[in-house]
Every structure is written in C-alpha cells, then in structure tokens.
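Q: Fold the following and give me the result.
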Amino acid sequence: MAVPAAGLFLLIIGIAAGWLLASWRAAPGDDSAEAGFARDMATHHAQAVDMSFTILDKSADGELRTLASDIIVTQSTQRGLFMGWLQQWRLPQTSTLPRMAWMPGHAHLPGDDGGVLMHGMATEAELQRLRDANGVDAEVLFLQLMIKHHEGGVLMARALLEQTDRRELTQMARSIEDGQRVEIEQMRTMLSARGAQPLASLLD
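A: Prediction:
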C-alpha cells in the first residue's frame, strides 16, 4: 500500500496518539487477533517490499518505479509499527501459534516453509518466476502478483476490524484497506496498458 507522504505522516501521528491512549489499556494477549494481525501483516508486508525491490531492478518505467518505491516506504514504515506494538505489549515477535489462526474462516493453504500461506501471498515458485523475468513480462507478473497481494491485505484488514476496538489498530487497518484499494485500481490500469489482465480476484 502506498499513500502520499503527507498522508503517511498524518497516519503515523494519529497512530502515535492512539498508541499513547492504548498504553492505558490492558495489552492484547499472545493469542489475540491484534497480536496475530501484527505478526502476520508484518510478514505479509515484508514480501511486498521484497517484490518491489525486485521490480525496481528490472523496470525503467517511471510510474511503476514510483509505485514500487511507495510500497517499500509505506509498508516498511507500517511493519516497524507492528513490531513496535508487539514490543509495547511485551509479546514475542514470533509465535508458536499457526499463522492466520486469528482470522476466522481463513483457508489454511500450505506455505513453502511448511506453515500457512497467507491471503494473497506469492509462492516461492511465483517469486522465482518474477526474479527470472525481464522487461514487460516482469512488469506484468509483478502487477498481477501485487494486486493479489494487496487484495489479501484488504481481507486481513477487514477481518481485524471485526475483532478489535483498539484505536491504533483500527486506524491502521482502515488505512491499509483504503490505500491498497486505491493502488489495486492503479495497478489494474497499468496492466491494461500492457495488454494484460489481473489474476482471479480474492475480493469477488
């Protein structure tokens, strides 16, 4: 997800205020939706950042490079907030609980590392295809995978909103949903300009 610099600054300020208020409340438990979301979304964001760095090495297209750079900045910043929350809550940044256990109805698809593949995450085979691709083929594959990845992020954000009333987390989840939906539409337009279509939508 990417947001304009001013929007990202305001989001961080708002979350910081919520963070201070949250410090007066009991911290979420290790098996809570809040902790599970923070851990899983941090992993989810890490893959988006990695894919964005990959396409920066392969594309000279200005619009696509701006999108990839925005994803790197925004999702790296958000990932830092997730890790900070876990530290504030005195919870470990990893857990013995299964990934996505906090999200009702999640389809537990097997991941490459023997864990659970989260909504929208690319498989190792898909990531290797992206690393091997070049030119327009790399741009198309990146856009297809990132649209799916963003859709997974939207689903995770919506699931959290149904399970928490903590201000800092509801602000973050709404920001992720709103920002990634905007980027999904931008990427759909970029795909169309390259004569390609998105993969089957997770949001339909």
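Q: Could you look up the SS state of the most centrally placed residue in the chain?
A: Residue closest to the average C-alpha location in the chain (Cα atoms, centre = their mean): His45, at 4.0 Å. Using DSSP: H, G, I helix; E, B strand; the rest coil, the structure places His45 in helix.
Q: mind listing what it touches?
A: Gln75, Ser76, Gln78, Arg79, Phe82, Gly153 (Cβ atoms under 8 Å, 6 or more residues apart in numbering). For every residue, glycine as well, the C-beta is placed using N, CA and C.
Q: ok, of those, which come out buried?
A: By neighbour count, with 16 or more other Cβ atoms under 10 Å, the contacts of His45 hold Gln75, Gln78, Arg79, Phe82, Gly153 as buried.
Q: JSON lines for the residues you listed, including pLDDT, distance to Gly105 and secondary structure?
A: Output for these, formatted as JSON lines (pLDDT from 0 to 100; distance: Cβ to Cβ, whole Å; DSSP: H, G, I helix; E, B strand; the rest coil):
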{"residue": "Gln75", "pLDDT": "97", "distance to Gly105": "25", "secondary structure": "helix"}
{"residue": "Gln78", "pLDDT": "97", "distance to Gly105": "24", "secondary structure": "helix"}
{"residue": "Arg79", "pLDDT": "97", "distance to Gly105": "25", "secondary structure": "helix"}
{"residue": "Phe82", "pLDDT": "97", "distance to Gly105": "22", "secondary structure": "helix"}
{"residue": "Gly153", "pLDDT": "96", "distance to Gly105": "17", "secondary structure": "helix"}
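Q: just to revisit the earlier point, widest-spaced pair of the contacts of His45?
A: Ser76 and Gly153 (14.3 Å; Cβ to Cβ).
Q: Out of the buried ones among the contacts of His45, which comes closest to Asn134?
A: Nearest member of those to Asn134, counting by Cβ to Cβ, is Gln75, at 24.6 Å.
Q: So the closest residue to the closest one other than its chain neighbours versus Ala125, what's the distance?
A: In this structure, Gln75 finds its nearest non-sequential neighbour in His45, 4.1 Å apart by Cβ to Cβ, 6 or more residues apart in numbering. In this view, His45 and Ala125 are 21 Å apart by Cβ to Cβ, to the nearest Å.
Q: Please consider this matter closed, and thank you.
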